[in-house]
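Participant: I need the structure of the sequence given here:
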Amino acid sequence: MGGNNRKFKKKATTMNKTILLKTRPKGKPQQSDFEFKDIEKPSPKDGEVLLKALYVSVDPYLRGRMRDEKSYIEPFQLGEPVQSAIVAEVVESRNNNFKQGDFLTGMMQWQQYQTSDAKNLRKVEKEQAPLSAYLGILGMTGLTAYFGLLDIGEPKEGETLLVSGAAGAVGSVVGQIGKLKGCRVVGIAGSDEKTKLLKNKFGYDAAINYEKTDDMTAAIKKAAPDGVDVYFDNVGSYTLDAAMNNINRFGRVINCGAISLYNETEQPTGPRLETTIVKKSIKMQGFIVRNYEDRFPEGIQQLGKWLQQGKLKDEETIVEGFDQIPQAFIDLFDGKNTGKMVVKVY
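Facilitator: Model (predicted):
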């Protein structure tokens, strides 16, 4: 009987799972595009730490990495683990910079346990903010909102800021920063529940439910009667077209994402924007948050300060269970998240 107990304990300590990209999605990702694999729990070598994943970030941009095409970041390889931002706990350390019980965040594989030299990871403190916040408002999404709006959008007091995907991880922060800068803020989201949240929690002045809107150009004009000075675009496609129909002279358009197009299998066409850009002297700029990597400490410090002062409110959709990571990612494309979508592993 004692031998059985020892055998059980040995098995428990070596249990580990990973999630691989099995096939490249065609259109919207499916569960069948991913594969769960049981692997052995690794042991850290000199200079490494053993990490236990606590929170896993799922983000729309991961869809682009599932395509076999050149981009600003290498595509995922078939048969290899998917990666995203993760908060993990150090359970064993052979690295002098970190000790058991430290919490680290950065890009990691979708695994319950993994080893790392931690060179590209940073330590975070759960006393300063909930650990999941370092994947959202104090992580890449918060930094995306901060640098995209302030550096490219350059909002000024009294201007009108329009945000699509406004109830999402980035959009919910963009609108709040816009209010801090004295803007009138209008948000576009996909349900009455979300539009109420925009106004009641995040301080938006007006909100549009695109699911109930047949004419987005007219809806924006009604919600922003003085026109749009800054448009923070997370959606693209027809929403961008409608925003451009309402853009003011010297308006700024921040191209952060285009979730409406990520699952398209053919190249879509739409209105040509060149004439509007020239006639109204519009600035339109795309960006990725890694462009500002050397300024991350500045952004985290300011976002953290606003959060502690109660000037920013955080919203998360937390799904529990390692096995739920692929479905949580898929649910992003159906708008099932409010704020940042995070999977709690432990």
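
Participant: how about the closest residue in space to residue 325 that isn't next to it in sequence, secondary structure?
Facilitator: Excluding its sequence neighbours, the residue lying closest to residue 325 (C-beta to C-beta, 6 or more residues apart in numbering) is residue 343, at 5.0 Å. Backbone N, C-alpha and C define where each C-beta goes, glycine included. Here residue 343 is recorded as strand under DSSP: H, G, I helix; E, B strand; the rest coil.

Participant: surely residue 343 is in contact with residue 323?
Facilitator: No - the criterion here is C-beta atoms under 8 Å, and residue 343 misses it with residue 323 at 9.4 Å.

Participant: neighbour count winner among these two?
Facilitator: residue 343 (28 against 12; other C-beta atoms under 10 Å).

Participant: bridging residues for that one?
Facilitator: residue 56, residue 319 (DSSP bridges).

Participant: still on that earlier bit, overlap in contacts of residue 343 and residue 323?
Facilitator: Residues touching both residue 343 and residue 323 by C-beta atoms under 8 Å, 6 or more residues apart in numbering: none at all.

Participant: pull the CA atoms of the longest strand along the chain into CSV?
Facilitator: Scanning the chain for the strand with the most residues, using DSSP state E, yields strand 83-93. Extracted C-alpha coordinates of strand 83-93, given in CSV (Å, rounded to 0.1, in the frame of the first residue of the first chain):
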residue,chain,number,x,y,z
GLN,A,83,2.5,31.5,-26.8
SER,A,84,1.0,34.5,-25.2
ALA,A,85,1.5,36.8,-22.2
ILE,A,86,1.4,34.9,-18.9
VAL,A,87,1.8,35.5,-15.2
ALA,A,88,3.6,32.6,-13.6
GLU,A,89,5.0,31.7,-10.1
VAL,A,90,8.5,30.6,-9.6
VAL,A,91,8.2,27.2,-7.9
GLU,A,92,11.9,26.4,-8.1
SER,A,93,14.9,28.6,-8.9
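
Participant: note down every partner strand of it and its orientation.
Facilitator: strand 49-57 (antiparallel), strand 103-109 (antiparallel).

Participant: closest one to residue 205 among the ones you listed?
Facilitator: strand 49-57 (29.7 Å; C-beta to C-beta).

Participant: which is the next helix or strand following the closest one?
Facilitator: Using DSSP states H and E, the next helix or strand after strand 49-57 towards the C-terminus is helix 62-65.

Participant: confidence score at residue 188?
Facilitator: Confidence at residue 188, expressed as pLDDT, is 97.

Participant: quick one: list the elements packing against the helix or strand harbouring it.
Facilitator: In this structure, residue 188 sits in strand 184-189 according to DSSP H and E. Contacts defined by 3 or more C-beta pairs under 8 Å, 6 or more residues apart in numbering; DSSP states H and E place strand 184-189 against strand 160-164, helix 171-180, helix 192-200, strand 206-209, helix 216-223.

Participant: most tightly packed of the ones you listed?
Facilitator: Stretch with highest mean neighbour count among the helices and strands packed on strand 184-189: strand 160-164 (a mean of 30; mean count of other C-beta atoms under 10 Å).

Participant: for that one, packing partners?
Facilitator: Packed against strand 160-164 by the contact rule (3+ C-beta pairs under 8 Å, 6+ apart) you find helix 171-180, strand 184-189, strand 228-233, helix 237-244.

Participant: if I look at residue 22, how far off is residue 62?
Facilitator: 15 Å (C-beta to C-beta, to the nearest Å).

Participant: so residue 235 touches residue 257, yeah?
Facilitator: Yes - at 7.3 Å, residue 235 and residue 257 qualify as touching, with contact defined as C-beta under 8 Å.

Participant: these two: who's more crowded?
Facilitator: residue 257 (26 against 23).

Participant: for stretch 23-36, the distance to its chain's centre please.
Facilitator: Computed by C-alpha atoms, centre = their mean, to the nearest Å, the separation of stretch 23-36 from the middle of its chain amounts to 20 Å.

Participant: report the buried residues of it.
Facilitator: Across stretch 23-36, burial judged by 16 or more other C-beta atoms under 10 Å covers 25, 29, 33, 34, 35.

Participant: coming back round to it: residues in contact with the residue nearest to residue 325?
Facilitator: Residues counted as contacts of residue 343 (C-beta under 8 Å, 6+ apart) are 55, 56, 57, 58, 318, 319, 320, 321, 322, 324, 325, 328.

Participant: was I right about the first one contacting residue 344?
Facilitator: I take that to be residue 55. Yes - assessed by C-beta under 8 Å, residue 55 is found in contact with residue 344 at 5.8 Å.

Participant: got a markdown table for the helices and strands packed on strand 184-189, with mean pLDDT too?
Facilitator: Shown next, in a markdown table, are the helices and strands packed on strand 184-189 (pLDDT from 0 to 100):
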| stretch | mean pLDDT |
| --- | --- |
| strand 160-164 | 98 |
| helix 171-180 | 97 |
| helix 192-200 | 96 |
| strand 206-209 | 98 |
| helix 216-223 | 98 |
